[in-house]
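Enquirer: sequence first, then the predicted structure:
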Amino acid sequence: MNYDNLHISDWLSTTKKQAEQRGWNEVDVVLFSGDAYVDHPSFGAAVIGRILENEGLKVAIVPQPNWRDDLRDFKKFGRPDMFFAVTAGNMDSMVNHYTANKRLRSDDAYTAGGKAGFRPDYASIIYSAILKRIFPDVPVVLGGVEASLRRLVHYDYWTDQLKPGILVDSKADLLVYGMGENPIKEIVRLLKKGVPFSSLKNIPGTAYLIGEGDMLPKVRKWNDIALTSLEACIEDRKQHAINFKSIEEESNRLEPDSRLIQEACGKTIVVNPPFPVMSEKEIDASFDLPYTRLPHPKYKKRGPVPAYEMIRHSVNIHRGCFGGCSFCSISAHQGRFIASRSESAILKEVEQVTKMPDFKGYISDIGGPSANMYKMQGKDFEKCKRCKRPSCTYPAICNNLDIDHSPLNAIYKKVRAVNGVKKAFIGSGVRYDLFMDKKYRGDPDKKHYFETLVRHHVSGRLKVAPEHTEDAVLKIMRKPTFDLFYDLKKDFDSINRKHGLNQQLIPYFISSHPGCNESDMARLAEKAGKIDIKLEQVQDFTPTPMTVATVIYYSGYHPVTLEKVSTATTKEEKLRQRSYFCVRP
């Protein structure tokens, strides 16, 4: 890392002294984050901070405040003119802290030196509750993954309880879910116009609470969908599964027009429809803000931030995922429709990376949530507007989905040609069904993509995620048949032989997923052994909020079909399934 040509003022202010050096006696927004402050577009707190700054606001950031002392970190900037903003960080704090077996992790990738213990459990709730206790009349806005995925009644694996929406326990005034740039800009725009904070009830991508007996604000353009209450769901778990079908459908629509209403603990949670998908111009503008692309200098003596080390030389080219996998929450947070950056913006960032003093010629990733969904969208948007499918790829790839890989082939070629780039690897997960599906296998565009990927963009090992081998489990996962993996391996080996390469194909698998039993795991291990697959990239299913699989785990019912599904839930059952990853026929 090189800080030689930078000044402390190139980062957002983290101390009162830094704010005063800018000539500020007070600030407009104080942003609290559970992560170390890394001023990079891959870190949500930095993005929101830069967005607010770009709106002309005086912004301060308090990364990883101490919640166990006299709370001076929460008081040091005093009362902001507009609001406090709170995020647990880039991960749900409970996923960050605990393994699938509920064991406390000994490290934290989003903390300097990788040290654990710098954020509390349920960080969004703790931070917000402290702020409301100290400054009861100052609005608090929640955002980030933890808030986004816990916006409605949800199952919490770590307490084994159904919990109310996070606004209830946090006492926050407003919640921003999904990609927060546009909602936060709309909040600021209205506040600048003099609209009282308490009147911010009709902003897409936000949620709020109303008290018992309070009137629901009328918004002419939106319909209302009433979900079964927390209390009724606790009494009948099947109701929680029924709720989730509506939640997933409304979260994934191209032109959503319905509010979700749910009662919990004497309050009513109101979730407005999502904000429209970001345009190319909007997403480019977000990535083009004046990030230093470095951790704050305060961490120099504490060691590197591991999560930053992983992405420092990578470039994100799109957001969103239309795969709809049952165990994944990406679409619930980033959306089902793809927001892609322009080619010129991507190449501009690649050039920025090549100028970093520690860059040795290797881009670690040109990708996104899924590596190869760049520029993919519906051929006929009118059909997309009517569609309620949770996945564009399951049970079959939608005929209306344009899965042309030529924009990716073009951007890969141009990145390879950038001066100073020796190799540009694809580290993100590759959706191989998009080019290996029997309907498309052999298509020149798809064939060219895979050969280009293997020949130029694999760093010795290509990681893919079949997740399982058994069709009954894959059906619940919303993943394609394992037969596609056999085809993938055949083509992968052929390309390696053709170009004299010696690369490995590394598959990811999950144990204990809903619908999976020990017999399924035994067959997985047997099939992996027959084709000499090393079971290295494996994980035990962890129930996380806002996923189909978690709803099944808690309720016992599939939310779409309402069929009963068995699931390994005890520690012993989960360990037995995981043990098959060590078995060799």
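Expert: Structure received. What you see is a predicted model; the values in this text were computed from it and never measured. Residues are numbered from 1 along each chain as shown.
Enquirer: contacts and neighbour counts: CA atoms only from here.
Expert: Fine.
Enquirer: contact partners of stretch 447-457?
Expert: With contact meaning CA atoms under 8 Å, 6 or more residues apart in numbering, stretch 447-457 is reached by 405-406, 408-409, 423-426, 435, 441, 462, 492, 495-496, 499, 501.
Enquirer: from those, which land in strands?
Expert: 423, 424, 462 (DSSP state E).
Enquirer: for residue 457, see how far away the spatially closest residue to the first one that is not a sequence neighbour is.
Expert: So that's residue 423. Distances taken as CA to CA, 6 or more residues apart in numbering put residue 362 closest to residue 423, at 5.0 Å, once the chain neighbours are dropped. Distance of residue 362 to residue 457, given as CA to CA, to the nearest Å: 10 Å.
Enquirer: hang on, the earlier thing: lowest-confidence one in the ones in strands among the contacts of stretch 447-457?
Expert: Least confident of the ones in strands among the contacts of stretch 447-457 in the model: residue 462, at 93.
Enquirer: from residue 533, how far out is that residue?
Expert: In terms of CA to CA, residue 462 sits 13 Å off from residue 533.
Enquirer: what do these two both touch?
Expert: Joint contacts of residue 462 and residue 533 (CA under 8 Å, 6+ apart) are residue 506.
Enquirer: name the element the nearest residue to residue 158 once chain neighbours are set aside belongs to?
Expert: For residue 158, ignoring the flanking residues on the chain, the nearest one in space by CA to CA, 6+ apart is residue 102 at 6.9 Å. Under DSSP states H and E, no helix or strand contains residue 102.
Enquirer: shouldn't residue 102 be in contact with residue 159?
Expert: No - contact criterion CA atoms under 8 Å: residue 102 and residue 159 do not qualify, at 10.0 Å.
Enquirer: now do the helices in the stretch 51-200 of the chain.
Expert: Using DSSP state H, counting those that start in this stretch, the helices of the stretch 51-200 of the chain run over 72-75, 93-97, 123-134, 145-149, 166-170, 181-192.
Enquirer: which of the ones you listed sits most buried?
Expert: helix 145-149 (a mean of 27; mean count of other CA atoms under 10 Å).
Enquirer: quick one: that one to chain centroid distance?
Expert: 9 Å (CA atoms, centre = their mean, to the nearest Å).
Enquirer: residue contacts, the most centrally placed residue in the chain?
Expert: Against the mean C-alpha coordinate of the chain, by CA atoms, centre = their mean, the closest residue is residue 330 at 4.7 Å. By CA under 8 Å, 6+ apart, the contact set of residue 330 is 320, 321, 369.
Enquirer: from the residues you listed, which is closest to residue 478?
Expert: residue 321 (13.3 Å; CA to CA).
Enquirer: quick check: the closest one touching residue 371?
Expert: No - with contacts counted by CA under 8 Å, residue 321 stays clear of residue 371, the gap being 9.8 Å.
Enquirer: ok, the two, which is more surrounded?
Expert: residue 321 (29 against 21; other CA atoms under 10 Å).
Enquirer: please name the nearest non-neighbouring residue to that one.
Expert: Nearest to residue 321 is residue 336, by CA to CA, 6+ apart, at 5.0 Å.
Enquirer: and the lowest-mean-pLDDT helix or strand in the chain, which strands flank it?
Expert: Ranking every helix and strand in the chain by mean pLDDT, DSSP states H and E puts strand 537-540 at the bottom, with a mean of 83. Sheet partners assigned to strand 537-540 using DSSP bridges are listed as strand 504-511 (parallel).
Enquirer: and for the partner strand, what are the contacting residues?
Expert: 460-468, 489, 492, 521, 533-541, 574, 577-578.
Enquirer: how about 6 Å then?
Expert: Contacts with strand 504-511, where a contact means CA atoms under 6 Å, 6 or more residues apart in numbering, come from 461-465, 467-468, 537-541, 577-578.
Enquirer: now flag whichever of those residues is closest to residue 202.
Expert: Using CA to CA, the contacts of strand 504-511 come closest to residue 202 at residue 541, 36.9 Å.
Enquirer: how near is that closest one to residue 321?
Expert: 20 Å.
Enquirer: for residue 315, pull up the helix or strand it's in.
Expert: Applying DSSP H and E, one finds residue 315 within strand 314-316.
Enquirer: list the helices and strands the following helix or strand past that strand packs on?
Expert: Later in the chain than strand 314-316, the nearest helix or strand by DSSP H and E is strand 318-319. The helices and strands touching strand 318-319, judged by 3 or more CA pairs under 6 Å, 6 or more residues apart in numbering; DSSP states H and E, are strand 339-340.
Enquirer: and the contacts of the strand it packs on?
Expert: Contacts of strand 339-340 (CA under 6 Å, 6+ apart): 278, 280, 318, 319, 375.
Enquirer: report the two of the contacts of stretch 447-457 separated the most.
Expert: 423 and 441 (26.9 Å).
Enquirer: and the strands in the stretch 351-500 of the chain?
Expert: 362-363, 365-367, 377-378, 401-402, 423-424, 461-467 (DSSP state E, counting those that start in this stretch).
Enquirer: tell me the most buried of those?
Expert: Mean neighbour counts for these (mean count of other CA under 10 Å) peak at strand 365-367, with a mean of 24.
Enquirer: how far out from the middle of the chain is it?
Expert: That offset, for strand 365-367, works out to 16 Å (CA atoms, centre = their mean).
Enquirer: what domains does the record give for this structure?
Expert: 8-209, 460-585 (automatic domain parsing).
Enquirer: list the buried ones in stretch 67-85?
Expert: 67, 73, 74, 77, 78, 79, 80, 82, 83, 84, 85 (16 or more other CA atoms under 10 Å).
Enquirer: quick check: the second one vs residue 136, distance?
Expert: Shown here: residue 73 relative to residue 136, a distance of 17 Å by CA to CA.
Enquirer: who touches stretch 108-125?
Expert: With contacts defined as CA under 6 Å, 6+ apart, stretch 108-125 is touched by 34-36, 64, 87-88, 93-94, 106-107, 170, 302-307.
Enquirer: which of those count as buried?
Expert: 34-36, 64, 87-88, 93-94, 170, 304-307.
Enquirer: give me phi/psi at residue 294?
Expert: phi -130, psi 150 (degrees, to the nearest 10).
Enquirer: got the contact list for it?
Expert: Contacts of residue 294 (CA under 6 Å, 6+ apart): 38, 39.
Enquirer: pLDDT value on the residue lying closest to residue 162 once chain neighbours are set aside, please?
Expert: Excluding the flanking residues, the one nearest residue 162 by CA to CA, 6+ apart is residue 155, at 4.3 Å. Here, the pLDDT recorded for residue 155 equals 98.
Enquirer: from residue 548, how far out is residue 155?
Expert: 11 Å.
Enquirer: likewise residue 412?
Expert: For residue 412 relative to residue 548 (CA to CA), the value is 34 Å.
Enquirer: which one's more surrounded, the two?
Expert: residue 548 (28 against 21).
Enquirer: neighbours of the closest residue to residue 492 other than its chain neighbours, how many?
Expert: Of all residues not flanking residue 492 in the chain, residue 454 sits nearest, at 7.2 Å (CA to CA, 6+ apart). Number of residues near residue 454 (other CA under 10 Å) recorded here: 23.
Enquirer: what does residue 312 give?
Expert: Neighbours of residue 312 (other CA under 10 Å): 21.
Enquirer: ok, the closest residue to it other than its chain neighbours - how many residues close by?
Expert: Spatial nearest neighbour of residue 312, chain neighbours left out: residue 293 (7.6 Å); criterion: CA to CA, 6+ apart. For residue 293, the neighbour count with other CA under 10 Å is 21.
Enquirer: how much space separates residue 293 from residue 533?
Expert: Taking CA to CA, one finds residue 293 at 38 Å from residue 533.
Enquirer: ok so, going back, any residues in contact with both of residue 155 and residue 548?
Expert: Counting by CA under 6 Å, 6+ apart, residue 155 and residue 548 have no contacts in common.
Enquirer: more crowded one of residue 102 and residue 159?
Expert: The neighbour count for residue 102 versus residue 159, taken as other CA under 10 Å, is higher for residue 102 (15 against 9).
Enquirer: for that one, grab phi and psi.
Expert: phi 70, psi 30.
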